[in-house]
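Chemist: I'd like to go over a predicted model; first the sequence, then the structure.
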Amino acid sequence: MFHYYYFGIFAMLPVILFGLIVQMKMQSTYSKYAALRNTKGMTGAQMAALILRGAGITDVQIVCTNGHLSDHFDPTKKVIRLSEGVFNGTSIASVGVAAHECGHAIQHAVGYFPIRVRSAVVGITNFSSKLLYILMIASIFLNSYTFSPVIFNLAILCYAVIFFFQLVTLPVEFNASARAVAQIESAGFGEEDVRGVKKVLSAAAMTYVASAITVLWQLLLLISRSRRNN
């Protein structure tokens, strides 16, 4: 039954440890370059405006939002939301993060295929995530053998959908980072700036890799448990 799967939670320890290491690396790298001023003294907001202008994108706003590392591009409202530290910051990390979010805006503008696929499966992915919680609760109360295979199969399907979303997210994030680095280079920033931006964005990209690995690991464990029960 589905809830027995969680008695094997120790099997998740390797990916949990990997995820913690990746998060720590990302935080330490960001903190390092958030403390170093970029050679142009440009803020994240100015960097974003420069990139969008150069790309001929005139219908995307750049706004300041609350939170730490809450930066994101909202394609539905065509808004790049930069956290206060990035929006007003003049650090290497600030221009790197801002450039990355502009990379997503450019992806949407040019119709980058992976981001179109990801956008298309957002709805079913959110539904699958919510359904998983329902299945977890149902597995506790429905101990019948009749219901167990149904719960397992639905859970496997949900994890498969979520993993596909995580998988298609990887090229989207790596491509946005590549676009960001290219923009930093073309804007005439120094070598230290470019090197720092690469390190910050690479560390951030690894968090998406860790998420994909975690979901895949959970999916494989659930499939293994399901086969044992059959």
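Modeler: Nice, thanks for sending it over.
Chemist: What's the separation between the most centrally placed residue in the chain and residue 220?
Modeler: Nearest residue to the geometric centre of the chain (Cα atoms, centre = their mean): residue 208, 4.9 Å. Going from residue 208 to residue 220 by Cβ to Cβ, to the nearest Å gives 19 Å. The C-beta positions use only the backbone N, C-alpha and C, and glycine is treated the same way.
Chemist: Check residue 14 too.
Modeler: 12 Å.
Chemist: for residue 40, same thing?
Modeler: Taken as Cβ to Cβ, the span from residue 40 to residue 220 is 47 Å.
Chemist: Among these two, which residue is more densely surrounded?
Modeler: The neighbour count for residue 40 versus residue 220, taken as other Cβ atoms under 10 Å, is higher for residue 40 (17 against 14).
Chemist: Please tell me I have it right and the more buried one contacts residue 184.
Modeler: No - using Cβ atoms under 8 Å, residue 40 is not in contact with residue 184, being 9.9 Å away.
Chemist: Just grab the bridge partners of the closest residue to residue 69 other than its chain neighbours for me.
Modeler: Nearest residue to residue 69, sequence neighbours excluded (Cβ to Cβ, 6 or more residues apart in numbering): residue 83, at 6.3 Å. Beta-bridge pairing for residue 83 (DSSP bridges): residue 65.
Chemist: For residue 83, give me its contacts.
Modeler: Shown in contact with residue 83 (Cβ atoms under 8 Å, 6 or more residues apart in numbering): 64-71.
Chemist: I figured residue 204 was touching residue 26, is that so?
Modeler: Yes - counting by Cβ under 8 Å, residue 204 does reach residue 26; the two are 5.7 Å apart.
Chemist: So which of those two has more stuff around it?
Modeler: Neighbour count, other Cβ under 10 Å: between residue 204 and residue 26, residue 204 has more, with 22 against 19.
Chemist: isn't there a helix covering the more buried one?
Modeler: Yes - assessed with DSSP: H, G, I helix; E, B strand; the rest coil, residue 204 lies in a helix.
Chemist: Go ahead and list the helix or strand containing residue 159.
Modeler: Remark: residue 159 resides in helix 147-186, with elements defined by DSSP states H and E.
Chemist: for that helix, which positions count as buried?
Modeler: Within helix 147-186, the residues scored as buried using 16 or more other Cβ atoms under 10 Å are 148, 151-152, 154-156, 158-170, 172-177, 179-181, 183-184.
Chemist: Tell me, how many residues neighbour the closest residue to residue 16 other than its chain neighbours?
Modeler: Using Cβ to Cβ, 6+ apart and skipping the chain neighbours, the partner closest in space to residue 16 is residue 214 (7.7 Å). Using other Cβ under 10 Å, residue 214 is surrounded by 18 other residues.
Chemist: Please tell me I have it right and residue 214 contacts residue 19.
Modeler: Yes - at 6.0 Å, residue 214 and residue 19 qualify as touching, with contact defined as Cβ under 8 Å.
Chemist: which residues of the protein score low on pLDDT?
Modeler: Along the chain, segments meeting pLDDT under 70 span 1-9, 140-147, 228-230.
Chemist: residue boundaries of the helices in it?
Modeler: 13-34, 44-54, 84-87, 92-110, 113-141, 147-186, 191-229 (DSSP state H).
Chemist: Of the ones you listed, which is nearest residue 78?
Modeler: Residue 78 lies closest to helix 92-110 among those, at 7.9 Å (Cβ to Cβ).
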